[in-house]
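Chemist: the following comprises the amino acid sequence and a computationally predicted model.
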Amino acid sequence: MRTAQPGTRHNTLIGYARAAGGLVPHGLAPQEAEEALVAAALEAGLPEAEARAAVRWGLEVGRSHPLYLEDAHAYQPSTYRARVYKRLRRWV
């Protein structure tokens, strides 16, 4: 938020809030996320009412579309070629 230019701060805040909302089903506390995002928005110069409304909306949208977190214990290919192939399959 700190580096967002005036005119882009609102949409930037919504993007961060949507990402945080996608982590709520994985254990992120929505109240903590809201307070942290609103604090960052206030520091960037957004009015509190606008910041709270944008954050709440973004968290709600993100919560309805949880982020996919890859299993940390999933199969990890051992060769460089296999790791590259695995990445390419995710992009296609």
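Modeler: In hand now; what should we look at? All values derive from a computational prediction rather than experimental measurement.
Chemist: counting contacts, what elements does the host helix or strand of Val61 pack onto?
Modeler: Using DSSP states H and E, Val61 maps to helix 48-64. The contact analysis (3 or more C-beta pairs under 8 Å, 6 or more residues apart in numbering; DSSP states H and E) places helix 48-64 against helix 9-23, helix 30-44. Every residue, glycine included, has its C-beta placed from N, CA and C.
Chemist: if I take the last one and helix 48-64, what angle do their directions form?
Modeler: Between helix 30-44 and helix 48-64, the angle comes out at 140 degrees (axes from the mean of the first three to the mean of the last three C-alpha atoms, to 10 degrees).
Chemist: name the residues of helix 30-44 that are buried.
Modeler: 30, 33-34, 37-38, 40-41, 44 (16 or more other C-beta atoms under 10 Å).
Chemist: re the thing from before, which one of the helices and strands packed on helix 48-64 lies closest to Arg89?
Modeler: helix 9-23 (22.4 Å; C-beta to C-beta).
Chemist: need the contact partners of that closest one.
Modeler: 1, 4, 28, 30, 33, 37, 40-41, 44-46, 50-51, 54-67 (C-beta atoms under 8 Å, 6 or more residues apart in numbering).
Chemist: select only the buried ones of the residues you listed in ChimeraX?
Modeler: Buried residues within those, by 16+ other C-beta under 10 Å, are selected in ChimeraX with:
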select :1,4,28,30,33,37,40,41,44,46,51,54,55,56,58,59,62,63
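Chemist: Arg83: which of the helices and strands packed on helix 48-64 is closest?
Modeler: helix 9-23 (25.5 Å).
Chemist: which parts of the closest one count as buried, going by neighbours?
Modeler: Buried residues in helix 9-23 (16+ other C-beta under 10 Å): 9-10, 12-14, 16-18, 20-23.
Chemist: now do it: distance to the chain's middle.
Modeler: 6 Å (C-alpha atoms, centre = their mean, to the nearest Å).
Chemist: good, wrapping up.
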